[in-house]
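> sequence plus predicted model, see below.
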Amino acid sequence: MKTTAFICLSLILCMTFSCAKAEKSSPLFNGKNLDGWTALPGGTWSVKNGAIVGKSPKSEKRHGMLLSNKQYSDFVVTAKFRVIKGNSGFYFRAARVDSKVSVNGFQVEVDQSQMTGGLYETGDRAWVSKPTKEEIPKKNYKPGEWTTLELRAVGRDIEVKINGVVSSKLTNDKGRIKGHFGLQLHGGQDMHVEYKDINIREVVDEHGFVEMFNGKDLTGWQTKGNWVVEKDNVIALQPRAGESGWQRYDAYLTTNRTYADFVIDLEFKFERRGNSGVFMRVGDLENHVTSGFEVQILDTHGKKKFGHHDCGGVIRTSAPKKMVVKPAGEWNHYTITMKGTHLKVVLNDELIQDLDLSKTDMKDRPAQGYISFQDEAKRVWYRNVRIKELK
């Protein structure tokens with residue numbers, strides 16, 4: 001019975017967190033100084049008695065932030081904190097922005113109230129999860145006393161524990177999947193907060209996803225277009241003056257190697273009237289359109305009647321089942337699976353394509369080829385581009 005119970009528990013944990021494996025724990029904070037962290041304007045940060053101490057006066061309107069220099073994706077983090085005064089937060093997978101708040105993304109709420117342990121998304125949805133009335137007494141949170149935090153973020157699943165009790169849990173959430181850690185000093189409040197024993201176990205995705213960009217340059221890719229690497233590993237197209245049209249195939253951003261069966265997972269956004277596309281299994285780099293498959297990226301938010309050329313369409317083949325692309329300027333999420341003759345496309349958590357390509361006019365296209373992002377000489381951005389090859 002014990003063996004059976006253990007196997008069942010293992011299967012449950014595997015399904016919940018995508019069979020991910022945590023690596024050996026390592027410190028995010030060395031207990032001596034702020035090496036590995038950057039203090040942004042607002043308040044002061046110091047190290048005393050092995051703890052990070054953050055303070056700011058009520059007159060400071062900016063949200064002070066101590067930001068990790070590195071970015072992280074999947075992990076389990078443990079820490080201890082105590083709030084002497086004010087409202088803090090433990091940010092994760094955060095993006096740095098130019099505002100008085102300094103970052104956008106999720107924070108675990110860390111304050112003097114029983115909302116501590118909730119999840120708040122700065123720059124988007126605000127409160128996403130709050131501790132329930134049943135959870136509040138169980139977590140035994142006492143403001144001003146040292147409290148343990150455990151945060152697990154693997155893929156799009158997130159779990160927060162305060163003093164060993166689950167206070168927030170999200171499954172298949174749409175939020176960011178990579179970014180900085182940050183410790184917050186809330187603006188306009190007398191602040192005194194302390195953190196210590198901050199450790200991380202990064203998680204290896206045993207499903208085999210790998211990042212397609214290194215965050216520094218375009219190694220592994222080829223292009224004559226003006227594609228640039230921006231902050232937070234965002235890949236942006238900045239068209240040059242006089243460029244136009246879609247037949248400049250050498251300006252597409254194309255992998256150096258070919259792929260056959262795979263899952264590609266990415267986020268994208270575009271400017272108003274934006275136009276791009278994800279090309280796959282391209283056999284001839286002198287003509288992507290006639291030698292590969294394109295899943296369209298186009299500013300067609302809100303369109304009632306749509307076809308194969310609208311966002312989510314497979315060009316010359318199939319219109320999307322639904323029009324779920326977001327307005328210009330907002331991030332969208334594609335998961336595209338190519339397996340043999342089967343093509344499946346999920347956009348913003350909605351299945352919009354499920355095709356047997358052998359039954360379409362594209363049946364004679366290559367079974368292996370390059371992956372490309374189209375240059376239509378219109379601003380477009382990609383981020384969190386990952387691929388998993390299938391056997």
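Everything's here; your move.

> in terms of pLDDT, where does Val210 sit?
At Val210, the model reports a pLDDT of 88.

> residue contacts, it?
The contact partners of Val210, by Cβ atoms under 8 Å, 6 or more residues apart in numbering, come to Arg386, Ile387, Lys388. The way it works is simple: take the backbone N, C-alpha and C, and place the C-beta from them, glycine included.

> which of those residues fall within strands?
Within the contacts of Val210, residues falling in strands by DSSP state E are Arg386, Ile387, Lys388.

> pretty sure the last one is touching Met212, no?
So the one you mean is Lys388. No: counting by Cβ atoms under 8 Å, Lys388 stays clear of Met212, with 10.7 Å between them.

> more neighbours: which of those two?
Remark: of Lys388 and Met212, Met212 carries more neighbours, 19 against 15, as counted by other Cβ atoms under 10 Å.

> wait, the more buried one sits on Asn384?
No: applying Cβ under 8 Å, one finds Met212 not in contact with Asn384, separated by 9.6 Å.

> can you list residues touching both of these two?
Contact criterion Cβ under 8 Å, 6+ apart; no residue bridges Met212 and Asn384 by contacting each.

> show me the helices in the protein, by range?
2-16, 135-139, 288-291 (DSSP state H).

> for Tyr249, state which of the contacts of Val210 is nearest.
Ile387 (21.3 Å; Cβ to Cβ).

> can you give the strand pairings for the top strand by length along the chain, parallel or anti for each?
Counting residues, the longest strand in the chain under DSSP E turns out to be strand 191-204. The pairing partners recorded for strand 191-204 under DSSP bridges are strand 21-22 (antiparallel), strand 26-27 (antiparallel), strand 51-56 (antiparallel), strand 75-85 (antiparallel).

> quick one: it to chain centroid distance?
Averaging C-alpha positions (Cα atoms, centre = their mean, to the nearest Å) puts strand 191-204 20 Å from its chain's average.

> also stretch 332-343?
Worked out by Cα atoms, centre = their mean, stretch 332-343 lies 19 Å from the chain centre.

> same deal with stretch 32-46?
How far stretch 32-46 lies from its chain's middle: 25 Å, per Cα atoms, centre = their mean.

> and stretch 177-189, by the same measure?
17 Å.

> end to end on that stretch, go ahead and measure it.
Distance between the two ends of stretch 177-189: 30 Å, counting by Cα to Cα, to the nearest Å.

> mean confidence for stretch 361-377?
Mean predicted lDDT for stretch 361-377 stands at 95.

> just put the strands paired with strand 191-204 in a markdown table and tack on distance to Ser244.
Below are the strands paired with strand 191-204 laid out as a markdown table (distance: least, Cβ to Cβ, whole Å):
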| stretch | distance to Ser244 |
| --- | --- |
| strand 21-22 | 48 |
| strand 26-27 | 50 |
| strand 51-56 | 50 |
| strand 75-85 | 44 |
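
> closest one to Arg93 among those strands?
strand 75-85 (9.3 Å).

> so what touches the closest one?
Against strand 75-85 from outside (Cβ under 8 Å, 6+ apart): 22, 25, 28, 88, 90, 92, 110-112, 116, 143-154, 181, 189-203.

> residue contacts, the residue minimising distance to the centre of the chain?
The chain has Ile177 as the residue nearest its centroid, 2.3 Å off, counting by Cα atoms, centre = their mean. By Cβ under 8 Å, 6+ apart, Ile177 lies in contact with Ser73, Arg93, Gly155, Arg156, Asn384.

> inside strands: which ones of these?
Of the contacts of Ile177, the ones assigned to strands by DSSP E are Arg93, Asn384.

> now stretch 29-43: mean pLDDT?
Averaged across stretch 29-43, the pLDDT comes to 95.

> what do you get for stretch 268-287?
Averaged over stretch 268-287, pLDDT sits at 96.

> straight-line length of that stretch, end to end?
End-to-end span of stretch 268-287 (Cα to Cα): 23 Å.

> what distance separates that stretch from the centre of its chain?
Centre-to-centre, stretch 268-287 and its host chain are 21 Å apart (Cα atoms, centre = their mean).

> circling back to that earlier point, which of the contacts of strand 75-85 count as buried?
For the contacts of strand 75-85, a burial check counting by 16 or more other Cβ atoms under 10 Å picks out 22, 28, 88, 90, 92, 110-112, 116, 147, 149-154, 181, 189, 191-198, 200-201, 203.

> ok, Trp45 touching Thr38?
No: here Trp45 does not reach Thr38: they are 9.8 Å apart, not a contact under Cβ under 8 Å.

> pull up the overlap in contacts between the two.
Common neighbours of Trp45 and Thr38, using Cβ under 8 Å, 6+ apart, are Leu66.

> and the two? Which one has more around it.
Taking neighbours as other Cβ under 10 Å, Trp45 and Thr38 compare with Trp45 leading, 21 against 14.
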